[in-house]
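> predicted model and sequence follow; I will ask about them next.
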Amino acid sequence: KYGISKEQLINAKKTISNHYKARVSMEWAPAPQRIRLVAKRADALDSAVENMVHAFSHRLAESDLDKVLDIFWKVLSELKEPSVDGPVANVPINMVAACVFYGALKQLGLHRGNLNRLAGAVALSGAGVKSRLEHFRNMVEAGALPGAEALFSSSDDGAEKGSAADEEAAED
């Protein structure tokens, strides 16, 4: 519309950027505020945990919720989460949190009827959480996910064979 070529636009952007960087380095302008990826992932994890605790605070006894959270935080620490370099960094943190929380529920035998409540708390589907948790189990068995072994050491492994439909039926 104004007759500016692509090269002129690129040159102008580069010049403006260089001038701004110089102003920041001389402290004539404030440095831009950036939220790093780790901080964003940590914030999303905090939000997911808050939603999960809220969803289960009236459904589980306080002592049971404390046990679940102990397992949850231990496994997340082993997975080095929240991190952008960890073994599950390519998985959205709300999915990681939901899988670890559900794995902790399973380990304590508290998972029946809670899959959809958990998934809803973090804006996911129950089937998606269950599928991703099974993928994590396969990774653990292949030795590709160190630190998550604790999620799959429950005595209630036979219940894992149930379908998402069974979970949905138990939800009602």
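Received it, and whenever you're ready, just let me know what you need.

> which secondary element of this structure has the worst mean pLDDT?
helix 164-171 (a mean of 46; mean pLDDT, DSSP states H and E).

> okay, residue 9: pLDDT?
If you check residue 9, the pLDDT there is 81.

> hmm, I was thinking of residue 24
83.

> and what of residue 79?
So residue 79 comes in at 88 (pLDDT).

> nearest to the spatial middle of this structure, which residue is it?
Centroid-nearest residue in the chain, with C-alpha atoms, centre = their mean: residue 93, separated by 1.5 Å.

> which stretches of the protein form helices?
6-25, 37-56, 62-78, 93-107, 115-121, 126-141, 164-171 (DSSP state H).

> redo those as a markdown table? Include distance to residue 153.
Yep, even glycine has a C-beta here, placed from its N, CA and C like the rest. Listed next are these as a markdown table, based on distance: least, C-beta to C-beta, whole Å:
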| stretch | distance to residue 153 |
| --- | --- |
| helix 6-25 | 52 |
| helix 37-56 | 21 |
| helix 62-78 | 10 |
| helix 93-107 | 7 |
| helix 115-121 | 20 |
| helix 126-141 | 10 |
| helix 164-171 | 21 |
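
> most tightly surrounded among the ones you listed?
Across the helices of the chain, averaging neighbours per residue (mean count of other C-beta atoms under 10 Å) puts helix 93-107 on top, at a mean of 25.

> what about it, average pLDDT?
94.

> now stretch 38-47
For stretch 38-47, mean pLDDT rounds to 89.

> what sits up against it?
For stretch 38-47, the external contacting residues (C-beta atoms under 8 Å, 6 or more residues apart in numbering) are 35, 76, 81, 82, 83, 84, 92, 93, 94, 97.

> residue 81 contacts residue 93, correct?
Yes. Here residue 81 reaches residue 93: they are 7.0 Å apart, a contact under C-beta atoms under 8 Å.

> if I look at residue 128, how far off is residue 102?
11 Å (C-beta to C-beta, to the nearest Å).

> could you do residue 121 as well?
The value you get for residue 121 to residue 102, if C-beta to C-beta is used, is 11 Å.

> what does residue 42 give?
With C-beta to C-beta as the criterion, residue 42 and residue 102 are 21 Å apart.

> could you do residue 114 as well?
On the measure of C-beta to C-beta, residue 114 and residue 102 end up 8 Å apart.

> residue 144 touches residue 135, doesn't it?
No. Residue 144 lies out of contact with residue 135 (C-beta under 8 Å); the separation is 10.4 Å.
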